[in-house]
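Student: The following comprises the amino acid sequence and a computationally predicted model.
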Amino acid sequence: MKRSSFLFACLLGAVVAACSSEESDNGVQPSADSGSSTEDGASGGDTGTSTPGDDTAVEPERCVYPESNGRVEFGGVVPDMSWDVAYLGDELADGGFDLYEFHCSDAYDQYDTLIFVVTTVWCPYCPGMMEYIDRLGEQLEQEGALVVFAEVQNASGGPINTEGAQNHISEYVTRSQGYRVGDADNYEPNALGTQRIIQAFPTTLVVRRDDMTVIADSSRSNYYLPFVEVAMDPEADWSSPGPPTIVPELELACGPEDEEASEGDNNRPDTAPVLAPGDEIDGGVCDVNPDYYKIEEAGEWTARLEFTHADGDLDMYVWDVENDRPLADESGSPIGSDSTNDVEEFSYSGPAILMVYGYRNASGVYNLTLSAP
(Lines give C-alpha, C1' and ligand atoms only; values in the text may rest on other atoms or scores of the structure.)
Protein backbone atom coordinates (compact mmCIF):
# COMPACT_ATOMS: atom_id res chain seq x y z
CA MET A 1 0.00 0.00 0.00
CA LYS A 2 1.43 3.30 -0.96
CA ARG A 3 1.96 5.33 2.12
CA SER A 4 3.10 8.92 2.38
CA SER A 5 5.29 8.60 5.44
CA PHE A 6 6.25 11.10 8.02
CA LEU A 7 9.91 11.97 8.14
CA PHE A 8 11.37 10.93 11.41
CA ALA A 9 14.93 12.17 11.93
CA CYS A 10 17.39 9.58 13.06
CA LEU A 11 19.65 11.32 15.50
CA LEU A 12 23.06 9.72 15.64
CA GLY A 13 24.91 10.54 18.82
CA ALA A 14 28.56 11.35 18.42
CA VAL A 15 30.73 8.68 19.81
CA VAL A 16 33.23 10.25 22.14
CA ALA A 17 36.29 8.18 22.89
CA ALA A 18 37.10 8.54 26.52
CA CYS A 19 40.80 7.98 26.94
CA SER A 20 42.17 7.57 30.41
CA SER A 21 45.79 8.06 31.28
CA GLU A 22 47.99 7.69 34.21
CA GLU A 23 47.63 10.33 36.87
CA SER A 24 49.83 13.38 36.49
CA ASP A 25 52.88 13.86 38.68
CA ASN A 26 50.87 15.79 41.26
CA GLY A 27 48.32 13.04 41.42
CA VAL A 28 45.53 15.06 39.85
CA GLN A 29 43.58 13.52 36.99
CA PRO A 30 43.14 16.28 34.33
CA SER A 31 39.64 16.78 33.05
CA ALA A 32 38.73 16.33 29.41
CA ASP A 33 37.90 20.01 28.99
CA SER A 34 40.78 21.34 31.00
CA GLY A 35 42.91 21.96 27.97
CA SER A 36 45.88 20.26 29.71
CA SER A 37 48.96 19.60 27.67
CA THR A 38 52.33 18.04 28.19
CA GLU A 39 55.36 20.12 28.97
CA ASP A 40 56.40 20.15 25.34
CA GLY A 41 53.03 21.62 24.32
CA ALA A 42 51.65 18.51 22.68
CA SER A 43 47.99 17.82 23.17
CA GLY A 44 47.36 15.70 26.14
CA GLY A 45 46.36 12.53 24.31
CA ASP A 46 48.21 10.42 26.83
CA THR A 47 47.57 12.57 29.84
CA GLY A 48 44.02 13.95 29.36
CA THR A 49 40.69 12.16 29.67
CA SER A 50 37.27 12.91 28.33
CA THR A 51 33.97 12.10 29.90
CA PRO A 52 31.18 10.67 27.80
CA GLY A 53 28.84 13.36 26.46
CA ASP A 54 25.33 13.73 27.87
CA ASP A 55 23.69 13.80 24.43
CA THR A 56 21.53 10.73 23.78
CA ALA A 57 19.75 9.87 20.55
CA VAL A 58 16.00 10.13 21.09
CA GLU A 59 13.74 8.85 18.31
CA PRO A 60 10.28 10.45 18.32
CA GLU A 61 7.46 8.05 19.03
CA ARG A 62 5.79 7.05 15.78
CA CYS A 63 2.05 7.76 15.47
CA VAL A 64 0.01 4.57 15.39
CA TYR A 65 -3.29 4.43 13.50
CA PRO A 66 -6.15 3.10 15.68
CA GLU A 67 -6.91 -0.58 15.21
CA SER A 68 -9.77 -1.25 12.77
CA ASN A 69 -11.68 -4.40 11.88
CA GLY A 70 -11.54 -3.40 8.22
CA ARG A 71 -15.17 -2.31 8.03
CA VAL A 72 -16.69 1.15 7.83
CA GLU A 73 -19.46 1.10 10.41
CA PHE A 74 -21.06 3.38 12.95
CA GLY A 75 -19.04 3.38 16.17
CA GLY A 76 -16.09 1.66 14.51
CA VAL A 77 -12.69 2.86 13.37
CA VAL A 78 -12.63 3.62 9.66
CA PRO A 79 -9.96 1.53 7.91
CA ASP A 80 -6.70 3.24 7.01
CA MET A 81 -7.45 4.09 3.37
CA SER A 82 -5.46 6.24 0.98
CA TRP A 83 -6.06 7.56 -2.52
CA ASP A 84 -2.98 7.85 -4.71
CA VAL A 85 -4.62 10.57 -6.76
CA ALA A 86 -6.75 13.29 -5.17
CA TYR A 87 -7.78 16.84 -5.86
CA LEU A 88 -7.90 19.57 -3.27
CA GLY A 89 -10.35 21.99 -4.77
CA ASP A 90 -9.38 22.31 -8.42
CA GLU A 91 -5.72 21.41 -7.92
CA LEU A 92 -4.07 18.01 -7.74
CA ALA A 93 -3.08 17.29 -4.16
CA ASP A 94 0.59 16.46 -3.74
CA GLY A 95 0.73 12.87 -2.54
CA GLY A 96 -3.00 12.23 -2.82
CA PHE A 97 -5.05 11.87 0.36
CA ASP A 98 -4.26 9.50 3.20
CA LEU A 99 -6.28 8.79 6.34
CA TYR A 100 -3.12 7.90 8.26
CA GLU A 101 -1.74 11.35 7.60
CA PHE A 102 -5.07 12.96 8.42
CA HIS A 103 -4.97 11.26 11.82
CA CYS A 104 -1.26 11.71 12.52
CA SER A 105 0.12 14.74 10.70
CA ASP A 106 0.16 18.13 12.39
CA ALA A 107 -0.72 19.54 8.96
CA TYR A 108 -4.33 18.63 9.83
CA ASP A 109 -4.34 19.92 13.41
CA GLN A 110 -7.00 22.52 12.58
CA TYR A 111 -9.51 19.71 11.99
CA ASP A 112 -11.48 17.66 14.52
CA THR A 113 -13.73 15.79 12.09
CA LEU A 114 -13.77 14.42 8.56
CA ILE A 115 -16.97 14.35 6.48
CA PHE A 116 -17.24 11.76 3.71
CA VAL A 117 -19.78 12.57 0.98
CA VAL A 118 -20.10 9.30 -0.96
CA THR A 119 -21.74 9.79 -4.36
CA THR A 120 -22.12 8.37 -7.87
CA VAL A 121 -22.45 9.96 -11.27
CA TRP A 122 -25.90 8.43 -11.89
CA CYS A 123 -27.51 9.25 -8.53
CA PRO A 124 -30.27 11.91 -8.83
CA TYR A 125 -29.91 13.00 -5.19
CA CYS A 126 -26.14 13.41 -5.30
CA PRO A 127 -25.87 16.82 -7.00
CA GLY A 128 -28.22 18.29 -4.40
CA MET A 129 -26.18 16.85 -1.53
CA MET A 130 -22.91 18.07 -3.00
CA GLU A 131 -24.31 21.57 -3.44
CA TYR A 132 -25.77 21.48 0.08
CA ILE A 133 -22.38 20.62 1.59
CA ASP A 134 -20.71 23.15 -0.69
CA ARG A 135 -22.93 25.93 0.66
CA LEU A 136 -21.95 24.90 4.21
CA GLY A 137 -18.25 24.82 3.32
CA GLU A 138 -17.17 27.98 5.12
CA GLN A 139 -19.05 27.11 8.32
CA LEU A 140 -17.70 23.56 8.29
CA GLU A 141 -14.15 24.81 7.86
CA GLN A 142 -14.60 27.24 10.75
CA GLU A 143 -15.82 24.40 12.97
CA GLY A 144 -12.87 22.16 12.10
CA ALA A 145 -14.47 19.78 9.60
CA LEU A 146 -12.61 18.61 6.48
CA VAL A 147 -14.82 17.41 3.61
CA VAL A 148 -13.93 14.56 1.25
CA PHE A 149 -16.17 14.14 -1.78
CA ALA A 150 -15.73 10.46 -2.69
CA GLU A 151 -17.26 9.35 -5.99
CA VAL A 152 -17.53 5.57 -6.26
CA GLN A 153 -19.40 4.79 -9.51
CA ASN A 154 -19.58 6.16 -13.04
CA ALA A 155 -22.76 6.59 -15.11
CA SER A 156 -22.97 2.86 -15.87
CA GLY A 157 -22.37 1.79 -12.28
CA GLY A 158 -18.72 0.81 -12.77
CA PRO A 159 -15.69 2.02 -10.81
CA ILE A 160 -14.63 5.63 -11.34
CA ASN A 161 -11.17 7.10 -10.98
CA THR A 162 -10.30 10.48 -9.51
CA GLU A 163 -10.13 12.29 -12.83
CA GLY A 164 -13.66 11.19 -13.71
CA ALA A 165 -14.87 12.00 -10.21
CA GLN A 166 -13.36 15.47 -10.32
CA ASN A 167 -15.03 16.21 -13.65
CA HIS A 168 -18.44 15.41 -12.14
CA ILE A 169 -17.98 16.85 -8.65
CA SER A 170 -16.62 20.16 -9.92
CA GLU A 171 -19.94 20.81 -11.68
CA TYR A 172 -21.67 21.15 -8.30
CA VAL A 173 -18.94 22.03 -5.80
CA THR A 174 -17.71 25.53 -6.61
CA ARG A 175 -17.46 27.41 -3.31
CA SER A 176 -15.50 25.19 -0.95
CA GLN A 177 -12.22 23.36 -1.26
CA GLY A 178 -12.46 19.84 0.10
CA TYR A 179 -10.73 16.78 -1.27
CA ARG A 180 -12.21 14.99 -4.28
CA VAL A 181 -11.35 11.34 -4.95
CA GLY A 182 -12.49 8.51 -7.19
CA ASP A 183 -12.60 5.21 -5.36
CA ALA A 184 -10.93 3.31 -8.21
CA ASP A 185 -7.78 5.09 -7.04
CA ASN A 186 -8.14 3.87 -3.46
CA TYR A 187 -5.18 1.85 -2.14
CA GLU A 188 -7.48 -1.14 -2.57
CA PRO A 189 -9.70 -0.17 -5.51
CA ASN A 190 -13.32 0.47 -4.50
CA ALA A 191 -12.58 -0.25 -0.84
CA LEU A 192 -14.95 2.51 0.29
CA GLY A 193 -17.74 2.05 -2.25
CA THR A 194 -18.11 -1.67 -1.52
CA GLN A 195 -18.55 -1.24 2.23
CA ARG A 196 -21.86 -2.59 3.54
CA ILE A 197 -22.67 0.74 5.16
CA ILE A 198 -22.96 2.25 1.65
CA GLN A 199 -26.54 1.11 0.92
CA ALA A 200 -27.78 4.28 -0.78
CA PHE A 201 -26.44 7.31 -2.57
CA PRO A 202 -25.52 9.76 -1.39
CA THR A 203 -24.22 8.35 1.88
CA THR A 204 -22.64 10.78 4.32
CA LEU A 205 -20.40 9.87 7.25
CA VAL A 206 -18.62 11.90 9.91
CA VAL A 207 -15.35 10.61 11.38
CA ARG A 208 -13.77 11.95 14.58
CA ARG A 209 -10.08 12.64 13.99
CA ASP A 210 -8.61 11.79 17.38
CA ASP A 211 -9.72 8.14 17.22
CA MET A 212 -10.92 7.85 13.57
CA THR A 213 -14.32 6.60 14.73
CA VAL A 214 -17.47 6.98 12.64
CA ILE A 215 -19.68 9.16 14.86
CA ALA A 216 -22.51 10.01 12.43
CA ASP A 217 -24.05 8.05 9.56
CA SER A 218 -26.81 9.22 7.24
CA SER A 219 -28.48 5.79 7.27
CA ARG A 220 -29.38 6.41 10.92
CA SER A 221 -31.41 9.53 10.16
CA ASN A 222 -34.45 10.40 8.06
CA TYR A 223 -32.96 13.81 7.33
CA TYR A 224 -29.77 15.38 6.12
CA LEU A 225 -27.17 14.99 8.85
CA PRO A 226 -26.64 18.06 11.08
CA PHE A 227 -23.13 18.47 9.74
CA VAL A 228 -22.25 21.75 11.41
CA GLU A 229 -23.67 20.68 14.77
CA VAL A 230 -21.67 17.43 14.69
CA ALA A 231 -18.50 19.35 13.83
CA MET A 232 -19.13 21.69 16.77
CA ASP A 233 -19.42 18.81 19.25
CA PRO A 234 -17.82 15.57 18.01
CA GLU A 235 -17.91 14.06 21.50
CA ALA A 236 -21.72 14.12 21.66
CA ASP A 237 -23.97 11.15 20.90
CA TRP A 238 -24.97 11.34 17.22
CA SER A 239 -26.35 7.81 16.96
CA SER A 240 -29.85 9.03 16.07
CA PRO A 241 -29.59 12.63 14.85
CA GLY A 242 -32.63 14.76 14.16
CA PRO A 243 -32.93 17.36 11.41
CA PRO A 244 -30.22 20.01 11.21
CA THR A 245 -30.82 23.40 12.78
CA ILE A 246 -27.93 25.02 10.94
CA VAL A 247 -28.64 24.85 7.21
CA PRO A 248 -27.30 26.70 4.19
CA GLU A 249 -29.23 29.52 2.65
CA LEU A 250 -31.30 28.03 -0.16
CA GLU A 251 -33.35 30.00 -2.64
CA LEU A 252 -36.74 28.36 -2.09
CA ALA A 253 -39.64 29.02 -4.43
CA CYS A 254 -42.24 28.01 -1.83
CA GLY A 255 -42.69 27.63 1.91
CA PRO A 256 -44.40 25.44 4.52
CA GLU A 257 -47.78 26.98 3.70
CA ASP A 258 -47.47 25.53 0.19
CA GLU A 259 -46.86 21.98 1.33
CA GLU A 260 -49.63 19.48 0.62
CA ALA A 261 -52.17 18.63 3.30
CA SER A 262 -52.16 14.85 3.61
CA GLU A 263 -52.30 12.09 6.17
CA GLY A 264 -48.89 10.77 7.09
CA ASP A 265 -45.43 12.24 6.69
CA ASN A 266 -44.74 12.32 2.96
CA ASN A 267 -41.06 13.21 3.47
CA ARG A 268 -40.41 9.52 4.19
CA PRO A 269 -41.28 6.49 2.03
CA ASP A 270 -42.34 4.37 5.02
CA THR A 271 -44.97 6.93 6.09
CA ALA A 272 -46.07 8.05 2.62
CA PRO A 273 -49.79 8.83 2.18
CA VAL A 274 -51.80 6.77 -0.28
CA LEU A 275 -52.35 8.21 -3.74
CA ALA A 276 -55.28 6.53 -5.52
CA PRO A 277 -56.55 6.82 -9.12
CA GLY A 278 -58.62 9.97 -9.43
CA ASP A 279 -56.76 11.78 -6.66
CA GLU A 280 -55.45 15.28 -7.29
CA ILE A 281 -52.95 16.87 -4.91
CA ASP A 282 -51.77 20.48 -4.82
CA GLY A 283 -48.50 20.51 -2.95
CA GLY A 284 -44.90 21.51 -3.13
CA VAL A 285 -41.30 20.49 -2.62
CA CYS A 286 -40.37 23.37 -0.34
CA ASP A 287 -37.22 22.13 1.41
CA VAL A 288 -34.40 19.69 0.75
CA ASN A 289 -36.65 16.67 1.37
CA PRO A 290 -38.52 14.92 -1.47
CA ASP A 291 -42.20 13.94 -1.30
CA TYR A 292 -43.29 10.30 -1.34
CA TYR A 293 -46.67 8.76 -2.19
CA LYS A 294 -47.83 5.17 -1.86
CA ILE A 295 -49.69 3.72 -4.85
CA GLU A 296 -51.65 0.51 -4.20
CA GLU A 297 -53.19 0.10 -7.66
CA ALA A 298 -52.67 -3.47 -8.92
CA GLY A 299 -52.90 -2.63 -12.62
CA GLU A 300 -51.54 0.05 -14.88
CA TRP A 301 -51.55 3.68 -13.77
CA THR A 302 -50.24 7.04 -14.96
CA ALA A 303 -48.77 9.79 -12.78
CA ARG A 304 -48.79 13.38 -14.03
CA LEU A 305 -46.88 16.22 -12.34
CA GLU A 306 -47.51 19.83 -13.41
CA PHE A 307 -45.33 22.70 -12.17
CA THR A 308 -43.41 25.75 -13.37
CA HIS A 309 -39.94 24.69 -14.45
CA ALA A 310 -38.70 28.29 -14.27
CA ASP A 311 -39.37 28.24 -10.51
CA GLY A 312 -37.68 24.90 -9.95
CA ASP A 313 -36.88 21.69 -11.82
CA LEU A 314 -39.05 18.94 -10.31
CA ASP A 315 -38.79 15.27 -11.30
CA MET A 316 -40.50 12.05 -10.22
CA TYR A 317 -39.53 8.38 -10.08
CA VAL A 318 -40.71 5.02 -8.88
CA TRP A 319 -38.67 4.61 -5.71
CA ASP A 320 -36.84 1.38 -4.85
CA VAL A 321 -37.29 1.38 -1.08
CA GLU A 322 -35.05 -1.61 -0.45
CA ASN A 323 -32.07 -0.10 -2.25
CA ASP A 324 -32.99 3.54 -1.53
CA ARG A 325 -32.68 4.66 -5.13
CA PRO A 326 -34.89 5.09 -8.22
CA LEU A 327 -36.14 1.75 -9.53
CA ALA A 328 -34.36 0.83 -12.77
CA ASP A 329 -35.75 -0.91 -15.83
CA GLU A 330 -34.07 -3.74 -17.73
CA SER A 331 -31.71 -1.31 -19.45
CA GLY A 332 -30.65 0.22 -16.15
CA SER A 333 -32.51 3.50 -16.71
CA PRO A 334 -34.55 4.92 -13.81
CA ILE A 335 -38.31 4.51 -14.14
CA GLY A 336 -39.94 7.93 -14.03
CA SER A 337 -39.84 11.29 -15.75
CA ASP A 338 -37.09 13.93 -15.56
CA SER A 339 -37.42 16.26 -18.54
CA THR A 340 -36.94 20.02 -18.64
CA ASN A 341 -40.63 20.66 -19.35
CA ASP A 342 -43.40 21.99 -17.10
CA VAL A 343 -45.02 18.55 -17.08
CA GLU A 344 -43.56 15.20 -16.02
CA GLU A 345 -45.63 12.12 -16.87
CA PHE A 346 -45.07 8.37 -17.04
CA SER A 347 -46.95 5.06 -16.70
CA TYR A 348 -46.25 2.01 -14.59
CA SER A 349 -48.07 -1.12 -13.46
CA GLY A 350 -48.56 -2.39 -9.93
CA PRO A 351 -48.05 -1.08 -6.38
CA ALA A 352 -45.19 1.36 -5.95
CA ILE A 353 -43.75 4.27 -4.03
CA LEU A 354 -43.75 7.46 -6.10
CA MET A 355 -41.08 10.05 -5.31
CA VAL A 356 -41.25 13.74 -6.28
CA TYR A 357 -38.11 15.77 -5.71
CA GLY A 358 -36.34 18.96 -6.69
CA TYR A 359 -33.28 18.45 -8.86
CA ARG A 360 -30.21 20.04 -7.23
CA ASN A 361 -32.29 21.25 -4.26
CA ALA A 362 -34.84 22.95 -6.51
CA SER A 363 -38.19 23.80 -5.00
CA GLY A 364 -41.65 24.69 -6.25
CA VAL A 365 -45.34 24.00 -6.03
CA TYR A 366 -46.97 21.27 -8.10
CA ASN A 367 -50.20 19.58 -9.06
CA LEU A 368 -50.06 15.79 -8.93
CA THR A 369 -52.71 13.46 -10.35
CA LEU A 370 -52.99 9.70 -10.68
CA SER A 371 -55.18 8.05 -13.30
CA ALA A 372 -55.92 4.47 -14.30
CA PRO A 373 -57.54 3.04 -17.46
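Tutor: Sure, I can see it.
Student: check contacts around residue 110.
Tutor: residue 144 (CB atoms under 8 Å, 6 or more residues apart in numbering). C-betas here are computed from N, CA, C, even on glycine.
Student: Pretty sure it sits in a strand.
Tutor: No. Counting by DSSP: H, G, I helix; E, B strand; the rest coil, residue 110 is not found in a strand; it is coil.
Student: what's the pLDDT at it?
Tutor: Listed pLDDT for residue 110 reads 98.
Student: Any figure for the gap between it and residue 120?
Tutor: 30 Å (CB to CB, to the nearest Å).
Student: quick one, helices of the protein?
Tutor: Along the chain, counting by DSSP state H, helices occupy 99-104, 126-135, 137-142, 162-169, 227-232.
Student: quick one, which of those is nearest to residue 199?
Tutor: Closest to residue 199 of the helices of the chain, according to CB to CB: helix 126-135, at 14.5 Å.
Student: Report all helices and strands that that closest one contacts.
Tutor: Packing partners of helix 126-135 (3 or more CB pairs under 8 Å, 6 or more residues apart in numbering; DSSP states H and E): strand 113-120, strand 145-153.
Student: Could you export those strands to CSV, including columns for mean neighbour count and distance to residue 74?
Tutor: Shown next, in CSV, are the helices and strands packed on helix 126-135 (neighbours: other CB atoms under 10 Å; distance: least, CB to CB, whole Å):
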stretch, mean neighbour count, distance to residue 74
strand 113-120, 24, 13
strand 145-153, 26, 17
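Student: Which of the helices of the chain sits closest to residue 347?
Tutor: helix 126-135 (26.4 Å).
Student: so where's the stretch 151-300 of the chain uncertain?
Tutor: For the stretch 151-300 of the chain, the stretches with pLDDT under 70 are 261-264.
Student: do that again at 80, thanks
Tutor: 222, 250-251, 260-265, 288 (pLDDT under 80).
Student: just the strands in it please.
Tutor: In the stretch 151-300 of the chain, the strands defined using DSSP state E, counting those that start in this stretch lie at 179-182, 203-208, 213-217, 280-285, 291-295, 300-307.
Student: Write down the beta-bridge partners of the residue most central in space within the chain, one by one.
Tutor: Centroid-nearest residue in the chain, with CA atoms, centre = their mean: residue 116, separated by 0.8 Å. Under DSSP bridges, the beta-bridge partners of residue 116 are residue 148, residue 205.
Student: which ones are touching the closest residue to residue 134 other than its chain neighbours?
Tutor: Nearest non-adjacent residue to residue 134, counting by CB to CB, 6 or more residues apart in numbering: residue 173, 4.6 Å away. With contact taken as CB under 8 Å, 6+ apart, residue 173 is in contact with 130, 131, 133, 134, 149, 180.
Student: and which of the residues you listed is nearest to residue 369?
Tutor: Among the contacts of residue 173, and counting by CB to CB, the member closest to residue 369 is residue 131, at 30.1 Å.
Student: Excluding chain neighbours, what is closest to that closest one?
Tutor: Distances taken as CB to CB, 6+ apart put residue 172 closest to residue 131, at 5.0 Å, once the chain neighbours are dropped.
Student: who touches the nearest residue to residue 282 once chain neighbours are set aside in this structure?
Tutor: Of all residues not flanking residue 282 in the chain, residue 367 sits nearest, at 5.5 Å (CB to CB, 6+ apart). Counting by CB under 8 Å, 6+ apart, residue 367 touches 280, 281, 282, 305, 306, 307.
Student: Distance check, the second one against residue 342.
Tutor: Here the distance between residue 281 and residue 342 works out to 17 Å (CB to CB).
Student: more crowded one of these two?
Tutor: residue 281 (19 against 14; other CB atoms under 10 Å).
Student: my read: the more buried one touches residue 275, true?
Tutor: Yes. Between residue 281 and residue 275 a contact is recorded at 7.1 Å, counting by CB atoms under 8 Å.
Student: May I ask which two of the contacts of residue 367 are separated the most?
Tutor: 280 and 307 (13.8 Å).
Student: of those two, who's got more company?
Tutor: residue 307 (25 against 11).
Student: any idea how far the more buried one is from residue 325?
Tutor: 23 Å.
Student: do the same with residue 270
Tutor: Relative to residue 325, and taking CB to CB, residue 270 is found at 16 Å.
Student: who's more crowded, the two?
Tutor: residue 325 (20 against 11).
Student: Distance of the more buried one relative to residue 313?
Tutor: 19 Å.
Student: now swap in residue 83 and tell me
Tutor: Taking CB to CB, one finds residue 83 at 33 Å from residue 313.
Student: When those two are compared, which one has more neighbours?
Tutor: Higher neighbour count among residue 83 and residue 313: residue 83, with 29 against 19, using other CB under 10 Å.
Student: Can you give me the pLDDT of that one?
Tutor: So residue 83 comes in at 98 (pLDDT).
Student: out of the contacts of residue 173, what pair is the most spread apart?
Tutor: For the contacts of residue 173, and using CB to CB, no pair is farther apart than 131 and 180, which are 14.2 Å apart.
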